[in-house]
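Q: Here's my sequence, what's the structure:
(chains A and B)
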Amino acid sequence: MSTAQFVQYLVSGVTQGSVYALVGLGFTMIYAVTRIINFAQGEFVMLGGMLSFTLAVSVGLPLAAALIIAVLIATLVGAAMYLLAIRPAKNASVVSLIIITIGAAIFIRGLAGVLWGVNAVHPPYFTGNNSLSFLGAFIAPQAIWIIGTMVVVTIILHLFLTYTMVGKALKACAINPMASSLVGINAKTMALIAFVLAAAVGGVGGVVMAPFAFTAYDVGVMLGLKGFVAAAIGGFKSPLAAVFGGLLLGIVESFAVAANWGPFTSSYKDVVALVVLMLILLVRSGKLAEEERAG
Amino acid sequence: MLARLTSKWSYLAIAVLFALLMLVPFNWFLGHYTTLAIFIGIYTIVTVGLCLLMGYTGQVSLGQAAFFGMGAYISAILSKTYGVNPWLAMLIAAVMTGAFAYIIGYPIFRLRGNYLAMATLGLGLIMWVLFRELGRFTGGPDGMTGIPSLSIAGFVFNTPFRRYFLVWFFCLAVLLISQNIVRSRTGRALRAIHGSEAASESIGINVDQFKVKILVLSAVYASIAGSLLVYHLRFVSPQLFDFLASVRLVVMAVIGGLASVWGAIFGAGATRILSDELLLRFGQWDIVVYGLILMLVMIFMPEGLFVRLKELYERLRLRYKRREA
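A: As a prediction, the model looks like this:
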């Protein structure tokens, strides 16, 4: 493999990985605060992408406005999901909560299918599509947008969690819900904030990704699964670990496809992520089981 | 053979159900709905397995369509491509699917709750990708057509009327076997596991072994149902076993009441009628409705719709009795 090819696959892996990282961030936030795995996480990404297409192309809003409104709507859906489906289920078991978030996922997906139809759509590029050349590899401007957005979102999130009162409260809630409620942190409000942030981050992932890879009403499941893999690599502990997990997964996928060996042709790209998922789950299973019992 | 039923009413209910089922495919009764009833029978078989797994043992499976699809594809490939007798193909499919479930069972049940759910979801997606991509064997995204029919000594199950009785024979057999399991020592062990794994372990229940046994059983049920599906449709394609297929199965189990064997008929029936008769015209609306059902049932009656209805009936009956006395 030449340097140029290597760089090409690396960049493509990091680009894909950035999207997984954003989804993984959402998983981590919600899980840390509520101990819920939100199976609808991928749907926020789908919503961001599809809404940005509708607002920018069908409605004809200026691109920036379309992107912002798309993210806002995805965020509202996240808040609505928490308030209408998660909060009313008091004392629900883990199984019930899983089924509720699955229900929310297919509900959102089904509505998207009804609204937008089954065809893939392609929102406009943010800044054209003239590839830049870098060490012999070609990099699409949209890829830079994706990677840049991921970096900015991660930094903002990190600053938010470290330096603001609400962020610190979220962290406290994640570390010890009982103790944090004793010092006056409202766990329900924190859960709502976690869902809002997760949906917003997912929506952002959706709007930056959509012009790069086509998007459709049904992309949520696979993206959700890969974001989960990213968060699982990071152990659902810190947002930075989820970002690392996402990038790692993207790069592994990209090079597995590059190897083009035996089963690893591009049609099996998704299987790579799934096999990684299985391996992580099995390797970490002892530890995960303990946490599940403790949490 | 039958474990004792709780009252004479249960016997009566089952007798009435039996009689109704016998009459369904005749034209003067519900003959128009024979095909629908066949689907209900097939999906009931899968749902019963899922109910045992989710309701009694408390283990989530979001990838039950993987086993369903394995049964379907192994039967289809063996009987069509390799000319194996369809019955033998069905048996081999059940054995292979069961063996597969056994092999993945121990590692996968080291996981619990959320992680188990994700692992099973991943399993379902892997199988779906394989069905699609192993085109040489499976016919790829288009699937396979021209799969032979089942037959017994020259009697070919080539009309819906005949297949109806075949499918419901299997379905009732599965229901009775499952009911016996639930009322046996195994069933009590399963409920103990659902209650508390640590406590079950402490009274000498081999928790992992029971979980794997039930997974294997549910996989074999799903495989048999898958085989019946391809011999009925004489066609197979990956869309039948995608992520939504697994979710639909969960919907059936949830409506039926997770911990209820007979509720499975109700769950499968309600869901198929909803999909095939009421919502067919509305395209994507059926998954919207399923999503709503899942959320509402889990928020307001986590034991399942059927179980709640049964409770309501019992309460009314008691009140009526009291008034009489």
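
Q: Phi, psi for A:Ile139 please.
A: phi -120, psi 120 (degrees, to the nearest 10).

Q: For the residue nearest to it when sequence neighbours are not counted, grab the count of nearby residues.
A: Nearest non-adjacent residue to A:Ile139, counting by CB to CB, 6 or more residues apart in numbering or on different chains: A:Leu132, 4.9 Å away. Bear in mind the C-beta positions are built from the backbone N, C-alpha and C, glycine included. Neighbours of A:Leu132 under the rule other CB atoms under 10 Å in any protein chain shown: 11.

Q: Quick one: residues contacting A:Leu132.
A: A:138-139, A:141, A:144 (CB atoms under 8 Å, 6 or more residues apart in numbering or on different chains).

Q: just these now: which is nearest A:Phe228?
A: Comparing these against A:Phe228 with CB to CB picks out A:Ile144 as the nearest, at 26.3 Å.

Q: Which strands or helices does the helix or strand that contains the closest one pack on?
A: Element membership for A:Ile144, per DSSP states H and E: helix A:141-163. In terms of contacts (3 or more CB pairs under 8 Å, 6 or more residues apart in numbering or on different chains; DSSP states H and E), helix A:141-163 is packed against helix A:3-34, helix A:165-175, helix A:187-209, helix A:239-259.

Q: ok, back up a step: from the contacts of A:Leu132, which single one is nearest A:Ile251?
A: Once CB to CB is applied, the member of these that ends up nearest A:Ile251 is A:Ile139, at 15.2 Å.

Q: Need the per-residue pLDDT for the closest one.
A: A:Ile139 carries a pLDDT value of 86.

Q: repeat for A:Glu290
A: Looking at A:Glu290, its pLDDT reads 59.

Q: got the contact list for the spatially most central residue of chain B?
A: Central residue of chain B (CA atoms, centre = their mean): B:Val46, 1.5 Å from the mean position. Counting by CB under 8 Å, 6+ apart, B:Val46 touches B:64, B:68, B:221-222, B:225, B:249, B:252, B:268.

Q: Next: B:Pro238.
A: Neighbour list for B:Pro238: B:69, B:128, B:131-132, B:138, B:141, B:143 [criterion: CB under 8 Å, 6+ apart].

Q: 6 Å instead, please
A: Residues in contact with B:Pro238 (CB atoms under 6 Å, 6 or more residues apart in numbering or on different chains) are B:128, B:131-132.

Q: again with B:Arg136
A: Counting by CB under 6 Å, 6+ apart, B:Arg136 has no contacts.

Q: Run the chain-centre distance for the lengthiest helix in chain B.
A: Counting residues, the longest helix found in chain B (DSSP state H) is helix B:207-233. Taking CA atoms, centre = their mean, to the nearest Å, the mean C-alpha location of helix B:207-233 is offset from the chain mean by 8 Å.

Q: same for it, what does it pack against?
A: For helix B:207-233, the helices and strands in contact under the criterion 3 or more CB pairs under 6 Å, 6 or more residues apart in numbering or on different chains; DSSP states H and E are helix B:34-51, helix B:64-76, helix B:86-108, helix B:160-182, helix B:197-202.

Q: The same query, at a cut-off of 7 Å, please.
A: Judged by 3 or more CB pairs under 7 Å, 6 or more residues apart in numbering or on different chains; DSSP states H and E, the packing partners of helix B:207-233 are helix B:34-51, helix B:64-76, helix B:86-108, helix B:160-182, helix B:185-195, helix B:197-202.

Q: Now do stretch A:210-219: distance from first to last residue.
A: Separation of the first and last residues of stretch A:210-219 by CA to CA, to the nearest Å is 10 Å.

Q: one step back: and the helix holding A:Ile144, what's buried?
A: A:141-147, A:149-150, A:153-154, A:157, A:161 (16 or more other CB atoms under 10 Å in any protein chain shown).

Q: relative to helix A:187-209, how tilted is it?
A: Relative orientation of helix A:141-163 with respect to helix A:187-209: 160 degrees, computed using axes from the mean of the first three to the mean of the last three CA atoms, to 10 degrees.

Q: ok now helix A:141-163, how far from the chain's centre?
A: 13 Å.

Q: Comparing the helices and strands packed on helix B:207-233, which comes out most buried?
A: Across those, the average number of neighbours (mean count of other CB atoms under 10 Å in any protein chain shown) peaks for helix B:64-76, which reaches a mean of 30.

Q: Not counting its own residues, what contacts that helix?
A: B:46, B:50, B:89-90, B:92-94, B:96-97, B:100-101, B:123-124, B:127, B:131, B:138, B:144, B:147, B:219, B:222-227, B:229-230, B:236, B:240-241, B:245-246, B:249 (CB atoms under 7 Å, 6 or more residues apart in numbering or on different chains).

Q: My reading is that B:Met54 is in a helix; is that accurate?
A: Yes - with DSSP: H, G, I helix; E, B strand; the rest coil as the criterion, B:Met54 is assigned to a helix.

Q: burial count for it?
A: B:Met54 has 25 neighbours, counted by other CB under 10 Å.

Q: That one: what's it in contact with?
A: If you count contacts by CB under 7 Å, 6+ apart, then B:Met54 has A:95, B:60-61, B:253, B:258 around it.

Q: hmm, back to that, out of the helices and strands packed on helix A:141-163, which gets nearest to A:Val121?
A: When the helices and strands packed on helix A:141-163 are compared by CB to CB, helix A:187-209 sits nearest A:Val121, at 11.9 Å.

Q: Report all helices and strands that the closest one contacts.
A: The contact analysis (3+ CB pairs under 7 Å, 6+ apart) places helix A:187-209 against helix A:3-34, helix A:41-53, helix A:63-81, helix A:141-163, helix A:165-175.

Q: could you redo the last one with a cut-off of 10 Å?
A: helix A:3-34, helix A:41-53, helix A:63-81, helix A:141-163, helix A:165-175, helix A:177-182, helix A:220-233, helix A:239-259 (3 or more CB pairs under 10 Å, 6 or more residues apart in numbering or on different chains; DSSP states H and E).

Q: wait, isn't A:Leu115 in contact with A:Met46?
A: No - counting by CB atoms under 10 Å, A:Leu115 does not reach A:Met46; the two are 11.5 Å apart.

Q: So between these two, which is more surrounded?
A: The neighbour comparison of A:Leu115 against A:Met46 (other CB under 10 Å) goes to A:Met46, with 31 against 12.

Q: Please verify my assumption that that one contacts A:Phe214.
A: No - counting by CB under 10 Å, A:Phe214 is not a contact partner of A:Met46; they are 11.8 Å apart.

Q: Contact residues of the stretch 201-325 of chain B facing chain A?
A: Contact residues (CB under 10 Å from any CB of the partner chain) of the stretch 201-325 of chain B with chain A: B:242-244, B:246-248, B:250-251, B:253-254, B:258, B:282-300, B:302.

Q: ok now do residue 58, which residues does it touch?
A: In the absence of a named chain, this looks at chain A. A:66, A:116, A:121 (CB atoms under 10 Å, 6 or more residues apart in numbering or on different chains).

Q: nope, chain B
A: A:93-95, B:112-113, B:190-191, B:193-197, B:211, B:258-259.

Q: let's see it at 8 Å
A: So B:Gly58 contacts A:95, B:193-194 (CB under 8 Å, 6+ apart).

Q: try A:Thr162
A: By CB under 8 Å, 6+ apart, the contact set of A:Thr162 is A:Lys168.

Q: okay, it: pLDDT?
A: 90.

Q: From A:Ala256, how far out is it?
A: 35 Å (CB to CB, to the nearest Å).

Q: Then A:Ile156?
A: 32 Å.

Q: Tabulate the buried residues of helix A:141-163 (a markdown table), appending distance to A:Leu192.
A: Shown next, in a markdown table, are the buried residues of helix A:141-163 (distance: CB to CB, whole Å):
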| residue | distance to A:Leu192 |
| --- | --- |
| A:Pro141 | 36 |
| A:Gln142 | 33 |
| A:Ala143 | 34 |
| A:Ile144 | 34 |
| A:Trp145 | 30 |
| A:Ile146 | 28 |
| A:Ile147 | 30 |
| A:Thr149 | 24 |
| A:Met150 | 24 |
| A:Val153 | 20 |
| A:Thr154 | 22 |
| A:Leu157 | 17 |
| A:Leu161 | 16 |
